[in-house]
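Participant: Here is a sequence together with a model predicted from it:
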Amino acid sequence: MIIPNDADRSPMLLLTGANGRTGRAILSSLVARDVQVRAFVRNPAHADDLLALGAAQIAVGDMASAIDAATAVGGCSTSARRWPRTKST
């Protein structure tokens, strides 16, 4: 499911992991540079917050689902993945 903001402009960048602290910082930085961002989240309850931060669209789904991932990336010219912090060994 794609939740649009007020106006769609292209090109669109898909940002996964947009709801965490780092993801939100990346989103804000991209929006400040006038990049149109589609934020990919699992929980639709976060949509309003991310739209308020300037996301052009919200894609709701599970990255483990090929259908959800394909829907999310559809129409995007590029994507960025915010990788979670991992414990060093």
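Facilitator: Sure thing, it's come through.
Participant: Which parts of the protein are strands?
Facilitator: Counting by DSSP state E, residue ranges of the strands within the chain are 2-4, 12-16, 36-41, 57-60, 78-81.
Participant: so the residue nearest the centre of the chain bridges to which residues?
Facilitator: For the chain, the residue nearest the mean C-alpha position is Ala39 (1.4 Å; CA atoms, centre = their mean). Here Ala39 sits in beta bridges with Leu15, Ile58, going by DSSP bridges.
Participant: Identify the residues contacting it.
Facilitator: By CB atoms under 8 Å, 6 or more residues apart in numbering, the residues touching Ala39 are 15, 18-19, 23, 27, 50, 55, 57-59. The C-beta positions use only the backbone N, C-alpha and C, and glycine is treated the same way.
Participant: could those residues be laid out in TSV, adding pLDDT and neighbour count?
Facilitator: TSV is the format used below for the contacts of Ala39 (pLDDT from 0 to 100; neighbours: other CB atoms under 10 Å):
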residue	pLDDT	neighbour count
Leu15	94	28
Ala18	88	26
Asn19	87	21
Gly23	89	21
Leu27	94	24
Leu50	95	24
Ala55	95	28
Gln57	93	22
Ile58	95	25
Ala59	94	24
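Participant: Need those residues in a markdown table (columns: distance to Asp68).
Facilitator: As requested, the contacts of Ala39 are exported to a markdown table (distance: CB to CB, whole Å):
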| residue | distance to Asp68 |
| --- | --- |
| Leu15 | 15 |
| Ala18 | 15 |
| Asn19 | 15 |
| Gly23 | 17 |
| Leu27 | 19 |
| Leu50 | 17 |
| Ala55 | 17 |
| Gln57 | 14 |
| Ile58 | 13 |
| Ala59 | 8 |
